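**Q** Could you work out the structure for the sequence below:
(chains A and B)
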Protein chains: 2
Amino acid sequence: MQIKLIDGGVVAPEGFFASGIATGIKPNDVNDFALVCSDDTAAAAGVFSGLNVRSNSTKVVMENIANGYANAIVVNSGNANACNGQQGVADAKHICSLVAEQLGCEADDVLFLSTGVMGKALPMDNLTASVETLVGNMSDSGNLDAIDAIMTCDTRRKEYAAEFKLQDETVRVGVMVKGSGIYYPLMGGITVIITTDVNISKALLQKSIETVVAKTFAKISVDGKLNAYEAVVALANGQADNSGVVAQDNAYDSFTNVLQYLCSNLCKDLVRDCESGKFVEVTVKNATTQEQALELANAIAGSNAFKEDLSEGICDVSSIVNAINGSNVEITDSMLDVFLGDVQILRAGSVADYEDEQVAEILSKNSVALTVVVSTGTCTDKVLASLY
Amino acid sequence: MQIKLIDGGVVAPEGFFASGIATGIKPNDVNDFALVCSDDTAAAAGVFSGLNVRSNSTKVVMENIANGYANAIVVNSGNANACNGQQGVADAKHICSLVAEQLGCEADDVLFLSTGVMGKALPMDNLTASVETLVGNMSDSGNLDAIDAIMTCDTRRKEYAAEFKLQDETVRVGVMVKGSGIYYPLMGGITVIITTDVNISKALLQKSIETVVAKTFAKISVDGKLNAYEAVVALANGQADNSGVVAQDNAYDSFTNVLQYLCSNLCKDLVRDCESGKFVEVTVKNATTQEQALELANAIAGSNAFKEDLSEGICDVSSIVNAINGSNVEITDSMLDVFLGDVQILRAGSVADYEDEQVAEILSKNSVALTVVVSTGTCTDKVLASLY
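**A** I've put the predicted structure just below:
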């Protein structure tokens, strides 16, 4: 399948518009209020990580997205609308009403997300006074203004759009993400917005993004833990001419593959958006179960000692072995082969012969691959983490 | 019960001797080979964390301790005798034989532990040439020489001894530990040596140290993980005059309580042996199960973002909530009360009213207590972690 990367991010698909403005929540006139909108009601889908303590805005999004349709996604940055009591829920609903009024849609067709610091009341004066401008400013080139408005610790914009053939018609998908410093101490939660003009059922849109999130945003290690995303929301307005993705057929697979390709790119951009600009991809091969492959990969990718070693140009067996020992997966040392890039570090649990120069050469790159082969089964998984 | 702290560490109990010498494994003539020995065969017990990749020396200790008796504990530092193949097992057995020959006991009554870097062959020339001196140097005041010889990243000696009445007789327990910088990046595994002249059955000695380890050394957070101890070994030579601890009665409880008191002190010394000299104790109260209480406490105590905040004199709701969200325990925000010292930070999931000065005052202390009350049950647990 041919995938053509195109400009425009979330406004690249037909019928999508965006805007981003500064309301004063963030200092120095930095954008902090964003809108991504379809000019027609769209199928809507969302994936929300299993957090215990959510943003009150996200709670309202989960209600509003339940019927599978929405018109607009609105995001404020600088305040997470979390840990601030019942008022936070009421405030989120009020913002949805005001935006809906301006757009001429229902309040529950607005998905309002908040990102930033926890524990403070949403600055409603800033937001309510700005809704009219936010909606008035939306355009088919507003994607960068919108990105700027959702960023928190991010140091660079992260968006992609692709054009491809689906059911013999040209269709488009756009994605953007907020989140950076995906490492201690400057970590930031991840919020993802996906737009497409593909004609796809709401159920298959939901299934597709669930599949993609499980393989991408759920596999980033933040402060030693996975699933650091707050929300991934998608709108599909069906304005392309494809006949319709209504079954888990080749067309569905093609759409999902393109979405996964774009989201994988966003993930690499996320873990690269750290002080060093470097990341490690830890792959575990031949584990007994999928869960064990993921647990081992995360144990290593989440080890500060391991990441600190790589950042200093060292590949120390001790930190890798300690991280493996910290997992609950039972393996004995004789099962353990470890490769840094294509250089073998451990062979059947014993240190292999390699030159420090080979390691230094590999660790001088921006992207480092560590592969652990445990030889107890056939399952493979991988996790991405920033280096310091 | 009266517990009197006394001098002498592991040689304080009757019939114990120790020595420590420099064999050249560590540079600058620093001690790196230690012996702790009973002048008679003692009941022996050991607890070994569930590591997948063990030191080859520890593997041999686990064999040798299986019969419940031993005469001596020998430790080298500077080399962990791990990830170096089958030779490591043979080397460990050879050291046991040489020490046994000097002591006049069986090779399998010598418990030989190795701590330090992984992946290198044990420096047998250094060790074999020094066994005679190590044994010849042992004395009833050799505890400090022995401690110096087991230290790796440790910056201070960590030992205690206590005298108390048991079954109307005066008895003694001594403990020492190696391990420091129990935090990223200078972490070090924990090795514990316990001696006592209490007359106690080998089965109850084993049960007692298992109970104590579960409440002490297993509750220290190292690079986000618990159970960072390699080995805890104990010798009880029965040279005191107590009639004998042979049932789980009051005498057993008294012995276990004294051991727990001493080991709790060692744990605080371990987490204090870091750059800042500060530690946090995270307690979770009113959880549904013991496992959930421990998982939540460890999620918070293991969060770099949380510890970094405390180290900087900040108590940020975001880092606490993110850590809780990173656990697998299901709680909703309305169940969540959080206290820093006696200052309430979160009340039913919303930020409480408190002054930054109150927080700064608490965080200026060397020991910080964070208490999380989740109100879903009655279980409590706590975890210790170093601050940066």
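**Q** need the contact list for residue A:74.
**A** The contact partners of residue A:74, taken as Cβ atoms under 8 Å, 6 or more residues apart in numbering or on different chains, are A:33, A:34, A:35, A:95, A:96, A:99, A:110, A:111, A:112, A:113, A:134. In short, each C-beta sits where N, CA and C put it, glycine included.
**Q** Pick the one among these closest to chain B.
**A** Proximity of these to chain B (Cβ to the nearest Cβ) peaks at residue A:113, which lies at 16.1 Å.
**Q** What separation do you get for that closest one and residue A:29?
**A** In this view, residue A:113 and residue A:29 are 22 Å apart by Cβ to Cβ, to the nearest Å.
**Q** Counting neighbours, go ahead and name the busier of those two.
**A** A count of neighbours by other Cβ atoms under 10 Å in any protein chain shown puts residue A:113 above the other of residue A:113 and residue A:29, at 26 against 10.
**Q** pretty sure that one is touching residue A:57, no?
**A** Yes: counting by Cβ atoms under 8 Å, residue A:57 is a contact partner of residue A:113 at 5.4 Å.
**Q** who touches both of those two?
**A** residue A:76.
**Q** SS state for residue A:145?
**A** Three-state call for residue A:145 (DSSP: H, G, I helix; E, B strand; the rest coil): helix.
**Q** Can you name the residues that contact it?
**A** By Cβ under 8 Å, 6+ apart, the residues touching residue A:145 are A:18, A:19, A:20, A:21, A:31, A:34, A:137.
**Q** For residue A:72, see how far away it is.
**A** With Cβ to Cβ as the criterion, residue A:145 and residue A:72 are 15 Å apart.
**Q** Break down the stretch 151-300 of chain A into its helices, ranges please.
**A** A:202-215, A:250-272, A:290-301 (DSSP state H, counting those that start in this stretch).
**Q** what are the C-alpha coordinates of the last one, in PDB please?
**A** I take that to be helix A:290-301. Extracted in PDB, the C-alpha atoms of helix A:290-301 (Å, rounded to 0.1, in the frame of the first residue of the first chain):
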ATOM      1  CA  GLN A 290       2.600 -11.700  25.500                       C
ATOM      2  CA  GLU A 291       2.200 -10.300  29.000                       C
ATOM      3  CA  GLN A 292       5.700 -11.600  30.100                       C
ATOM      4  CA  ALA A 293       7.300 -10.100  27.000                       C
ATOM      5  CA  LEU A 294       5.700  -6.700  27.800                       C
ATOM      6  CA  GLU A 295       6.500  -6.900  31.500                       C
ATOM      7  CA  LEU A 296      10.200  -7.700  30.800                       C
ATOM      8  CA  ALA A 297      10.500  -5.000  28.200                       C
ATOM      9  CA  ASN A 298       8.900  -2.400  30.500                       C
ATOM     10  CA  ALA A 299      11.100  -3.500  33.500                       C
ATOM     11  CA  ILE A 300      14.200  -2.700  31.500                       C
ATOM     12  CA  ALA A 301      12.900   0.400  29.700                       C
END
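**Q** quick one: least confident helix or strand in chain A?
**A** Each helix and strand of chain A was given a mean pLDDT (mean pLDDT, DSSP states H and E); the minimum falls on helix A:317-326 at a mean of 89.
**Q** Which strands or helices does the longest strand along chain A pack on?
**A** When chain A is parsed with DSSP state E, its longest strand is strand A:33-48. In terms of contacts (3 or more Cβ pairs under 8 Å, 6 or more residues apart in numbering or on different chains; DSSP states H and E), strand A:33-48 is packed against strand A:16-21, helix A:56-64, strand A:69-79, helix A:131-136, helix A:143-150, strand A:190-196, helix A:202-215, strand A:229-236.
**Q** got the angle between the third one and strand A:33-48?
**A** Angle, strand A:69-79 to strand A:33-48, by axes from the mean of the first three to the mean of the last three Cα atoms, to 10 degrees: 110 degrees.
**Q** again with the second one
**A** Our comparison of helix A:56-64 with strand A:33-48, counting by the same axes, to 10 degrees, yields an angle of 60 degrees.
**Q** Between the two ends of stretch A:126-136, how far is it?
**A** Stretch A:126-136 has an end-to-end distance of 16 Å (Cα to Cα, to the nearest Å).
**Q** what about residue A:96, which SS state?
**A** Applying three-state DSSP: residue A:96 is helix.
**Q** Tell me how many other residues surround it.
**A** 25.
**Q** my guess is it meets residue A:60, correct?
**A** Yes: the pair residue A:96 / residue A:60 is scored as a contact, 6.7 Å apart, by Cβ under 8 Å.
**Q** shared neighbours, those two?
**A** The contact sets of residue A:96 and residue A:60 overlap at residue A:112 (Cβ under 8 Å, 6+ apart).
**Q** is it true that residue A:296 touches residue A:329?
**A** Yes: in this structure residue A:296 lies within contact range of residue A:329 using Cβ under 8 Å: 5.2 Å.
**Q** between those two, which one's more packed in?
**A** Ranked by neighbour count (other Cβ under 10 Å), residue A:296 and residue A:329 place residue A:296 first, with 26 against 21.
**Q** From chain B, how far off is the more buried one?
**A** Residue A:296 sits 10 Å away from chain B, going by Cβ to the nearest Cβ, to the nearest Å.
**Q** go on, residue A:118?
**A** Distance of residue A:118 to chain B, computed by Cβ to the nearest Cβ: 4 Å.
**Q** Residue A:80 too?
**A** Taken as Cβ to the nearest Cβ, the span from residue A:80 to chain B is 7 Å.
**Q** thought that residue was touching residue A:121?
**A** No: at 11.3 Å, residue A:80 and residue A:121 do not qualify as touching, with contact defined as Cβ under 8 Å.
**Q** Looking at those two, which one has more neighbours?
**A** A direct count of neighbours by other Cβ under 10 Å for residue A:80 and residue A:121 places residue A:80 higher, at 29 against 14.
**Q** For that one, list the residues it contacts.
**A** Residue A:80 neighbours (Cβ under 8 Å, 6+ apart): A:55, A:57, A:114, A:115, A:116, A:117, A:118, A:189, B:318.
**Q** Report the lowest-confidence entry in those.
**A** Taking these together, the minimum pLDDT is found at residue A:189 (81).
**Q** circling back to that earlier point, ok, which of the helices and strands packed on strand A:33-48 comes nearest residue A:275?
**A** Of all the helices and strands packed on strand A:33-48, it is strand A:190-196 that lies closest to residue A:275, at 18.0 Å by Cβ to Cβ.
**Q** ok, that closest one: who's next to it in the sheet?
**A** Paired strands of strand A:190-196, with direction, are strand A:169-178 (antiparallel), strand A:229-236 (parallel) (DSSP bridges).
**Q** For residue A:3, find the nearest of these.
**A** Nearest to residue A:3, of the strands paired with strand A:190-196 and by Cβ to Cβ, is strand A:169-178 at 9.3 Å.
**Q** tell me which of the contacts of residue A:80 is nearest to residue B:85?
**A** residue A:189 (44.7 Å).
**Q** Residues of the stretch 251-388 of chain A that sit close to chain B?
**A** The stretch 251-388 of chain A comes close to chain B at residues A:299, A:302-305, A:308-309, A:317-318, A:321-327, A:329-333, A:336, A:346, A:349-351, as judged by Cβ under 8 Å from any Cβ of the partner chain.
**Q** you'd agree residue A:95 is up against residue A:127?
**A** Yes: assessed by Cβ under 8 Å, residue A:95 is found in contact with residue A:127 at 5.9 Å.
**Q** Which neighbours do these two have in common?
**A** residue A:76.
**Q** which residues does the closest residue to residue A:173 other than its chain neighbours contact?
**A** Distances taken as Cβ to Cβ, 6 or more residues apart in numbering or on different chains put residue A:196 closest to residue A:173, at 4.5 Å, once the chain neighbours are dropped. With contacts defined as Cβ under 8 Å, 6+ apart, residue A:196 is in contact with A:13, A:171, A:172, A:173, A:174, A:234, A:235, A:236, A:237, A:240, A:255, A:259.
**Q** how far away is residue A:196 from chain B?
**A** Residue A:196 is 29 Å from chain B, by Cβ to the nearest Cβ.
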